[in-house]
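1. Below: sequence and its predicted model.
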Amino acid sequence: MARFLRPLLRGTTYTRLLHLWVPMLIVSVWMFIDPSTPWVPALVLLPVGLIPAVRRGEGVQARLLLMPADEESVISVEAAAGWRDRLRTVLWLQVRMALGAAAMFATVWLPVLSVELVQAAVGANPGDTPVLRDARPHWAYALLAPVPLVLLYGVVTGLGELVTRAARRLLGPSAAERLAALEERTEQLLERNRIARELHDSIGHALTVAVVQAGAARAAGDPAFTDRALDAIEETGRAALEDLERVLGILRESDRPVSGRPTMVDAGRLLESARASGAKVDAEITGPLDTVPGPVSREGYRILQESLTNVLRHAGAVPAGVRVDVTDRALVLEVRNPLAAGTPGPGRGSGLRGIRERAALLGGRARTGPAGDDWQVHVELPLR
């Protein structure tokens, strides 16, 4: 019983009823003008529904009154973008008018019928209701008095649910709006994925350098080497903090420019950081790095950073060969180091996956894995 009466305690039940009553205000005004033509308001709504802004107004009303607690409402609040949306709005207005008439009739005459059943039971004047106009007073009418109220309850809740479903169908987003929402969601997921890669590459590189430097300093037992190791840790940590602050700034301000991100022009900083960690890096850089387009240059920097991080993390202080070649068509990055025991195979680890994802987003190619006795990362990023 409590579950049956639960809708009576919901505010949505009454806001939906109010939504159904609103069109009847127009009908009530017209009935004072010409009660013989009650169909005229419905006819007037046909051209009104073709106005693009009407769809926005109906969407706002539906959200506020039909689904006030729905934070992710499927009701569109955009103006009609095409004839399909306009025709759907016209149909919605007619449906709303018809359901509103049914709600008004039920909420007026069903309570009146219940009252007149009670009057007929006690012998009072039953009024002008056609069903009871000629009825004789009888106590049994009192047993029927609750029936109209139960019907009223069912009609109000049923019509409220029906008009809500109609609103979802007729005022829901168009195909163009659904496509735009899907594209926006995709952009958000891509941005989150990019930020995750940024944090992984930047912070992972800094922590790897710090761990390698600290371990080497402890093993060396040389105060001079320890000082150099602490300097390298400090410089790498400071750069990581700058990257972290920049990424957090992007999260706080979505329109913040990306011009502050490091590019291939800053590749020397990565090479020096790797050398300071004990790795013997032999670098060969050909071509003008400053002519590489911004997106390619930024992603190339992160790929080189992750590749050097993997060398330090999995192989340690070993000789590594770095080749950077800028041609008219592509930026070629290659990092090779002796294949050490325990080096992860191709396709494992989020870092290697991130390298391949970065290359794929730019239309390039990335190969990671053993090449003879070496571990190789070879990436080609098109410049156009």
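-> Right, received. Where do you want to start?

2. From now on I want contacts and neighbour counts done on CA atoms only, so please keep to that.
-> Noted.

3. which residues touch Asp328?
-> Residues near Asp328 by C-alpha atoms under 8 Å, 6 or more residues apart in numbering: Leu383.

4. what sits up against whichever helix or strand Leu20 is part of?
-> Assigned by DSSP states H and E, Leu20 belongs to helix 11-33. Here helix 11-33 makes contact (C-alpha under 8 Å, 6+ apart) with 7, 37-38, 41, 61-62, 65-68, 96-97, 99-101, 103-104, 156-157, 160.

5. try 6 Å this time
-> 65-66, 100, 160 (C-alpha atoms under 6 Å, 6 or more residues apart in numbering).

6. Phi and psi next, for Arg367.
-> Torsion angles at Arg367 (phi, psi; degrees, to the nearest 10) stand at phi -120, psi 130.

7. same question but for Ile285, I mixed them up
-> Dihedral angles (degrees, to the nearest 10) for Ile285: phi -120, psi 120.

8. Pull up the per-residue confidence for it.
-> Per-residue confidence at Ile285 stands at 90 (pLDDT).

9. Not counting sequence-adjacent ones, nearest residue to it?
-> Computed as C-alpha to C-alpha, 6 or more residues apart in numbering, the closest residue to Ile285 that is not its neighbour in sequence is Val324, at 4.7 Å.

10. Let's verify that neighbour: helix, strand, or coil?
-> strand (DSSP: H, G, I helix; E, B strand; the rest coil).

11. same check, this time on Ala283
-> Under three-state DSSP, the three-state class of Ala283 is strand.

12. To what extent is it buried, counted in neighbours?
-> A count of nearby residues for Ala283, using other C-alpha atoms under 10 Å, gives 15.

13. That one pairs with what?
-> Note on Ala283: beta-bridge partners Val322, judged by DSSP bridges.

14. thought it was touching Val322?
-> Yes: between Ala283 and Val322 there is a contact under C-alpha atoms under 6 Å: 4.6 Å.

15. Helices of this protein, residue ranges please.
-> In the chain, the helices defined using DSSP state H lie at 2-5, 11-33, 40-48, 52-61, 83-122, 141-144, 146-170, 175-220, 223-252, 267-276, 294-310, 350-361.

16. outside of stretch 267-287, which residues touch it?
-> 213, 317-326.

17. Closest one of those residues to Gly82?
-> Nearest to Gly82 among these, counting by C-alpha to C-alpha, is Val326 at 48.7 Å.

18. What sits closest to the closest one if chain neighbours are left out?
-> Gly287 (4.5 Å).

19. which regions of the stretch 51-200 of the chain sit below the pLDDT cut-off?
-> The stretch 51-200 of the chain contains residues with pLDDT under 70 at 69-73, 124-135, 175-176, 179-194, 197-198, 200.

20. Mind listing the residues bridging to Val332?
-> Beta bridges link Val332 to Asp325, Glu380 when assigned by DSSP bridges.

21. Any idea how many residues pack against Arg56?
-> Arg56 has 19 neighbours, counted by other C-alpha under 10 Å.

22. Relative to Ala81, how far out is it?
-> Distance from Arg56 to Ala81, counting by C-alpha to C-alpha, to the nearest Å: 11 Å.

23. for Gly215, same thing?
-> 64 Å.

24. Check Val379 too.
-> Distance, Val379 to Ala81, by C-alpha to C-alpha: 45 Å.

25. mind showing which ranges of the stretch 201-350 of the chain have poor pLDDT?
-> 201-202, 205, 220, 246-260, 340-350.

26. Residue ranges of each domain in this structure, please.
-> Using automatic domain parsing, the domain ranges for the chain come out as 2-173, 182-382.

27. chain center to the shortest one: distance?
-> Shown here is domain 2-173, whose average C-alpha point lies 35 Å from the average C-alpha point of the whole chain (C-alpha atoms, centre = their mean, to the nearest Å).

28. Number the residues from 720 up from this point.
-> OK, 720 is where the count begins now, so the last one is domain 721-892.

29. what is the rounded mean pLDDT of the helix holding Leu739?
-> Averaged across helix 730-752, the pLDDT comes to 87.

30. Extract the C-alpha set from that helix and format it as PDB.
-> What follows is helix 730-752, C-alpha atoms only, in PDB (Å, rounded to 0.1, in the frame of the first residue of the first chain):
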ATOM      1  CA  GLY A 730       7.000  16.700  -6.100                       C
ATOM      2  CA  THR A 731       7.400  15.500  -9.600                       C
ATOM      3  CA  THR A 732       3.800  14.200  -9.700                       C
ATOM      4  CA  TYR A 733       2.500  17.700  -9.100                       C
ATOM      5  CA  THR A 734       4.900  19.500 -11.300                       C
ATOM      6  CA  ARG A 735       4.000  17.200 -14.200                       C
ATOM      7  CA  LEU A 736       0.300  18.000 -13.500                       C
ATOM      8  CA  LEU A 737       1.100  21.700 -13.600                       C
ATOM      9  CA  HIS A 738       2.900  21.100 -16.900                       C
ATOM     10  CA  LEU A 739      -0.300  19.500 -18.300                       C
ATOM     11  CA  TRP A 740      -2.500  22.400 -17.000                       C
ATOM     12  CA  VAL A 741      -0.400  25.200 -18.700                       C
ATOM     13  CA  PRO A 742      -1.800  24.700 -22.300                       C
ATOM     14  CA  MET A 743      -5.300  24.800 -20.900                       C
ATOM     15  CA  LEU A 744      -4.800  28.400 -19.900                       C
ATOM     16  CA  ILE A 745      -4.900  29.300 -23.600                       C
ATOM     17  CA  VAL A 746      -8.000  27.100 -24.100                       C
ATOM     18  CA  SER A 747      -9.700  28.800 -21.100                       C
ATOM     19  CA  VAL A 748      -9.100  32.300 -22.600                       C
ATOM     20  CA  TRP A 749     -10.400  31.200 -26.000                       C
ATOM     21  CA  MET A 750     -13.600  29.700 -24.400                       C
ATOM     22  CA  PHE A 751     -14.500  33.200 -23.300                       C
ATOM     23  CA  ILE A 752     -14.100  34.400 -26.800                       C
END
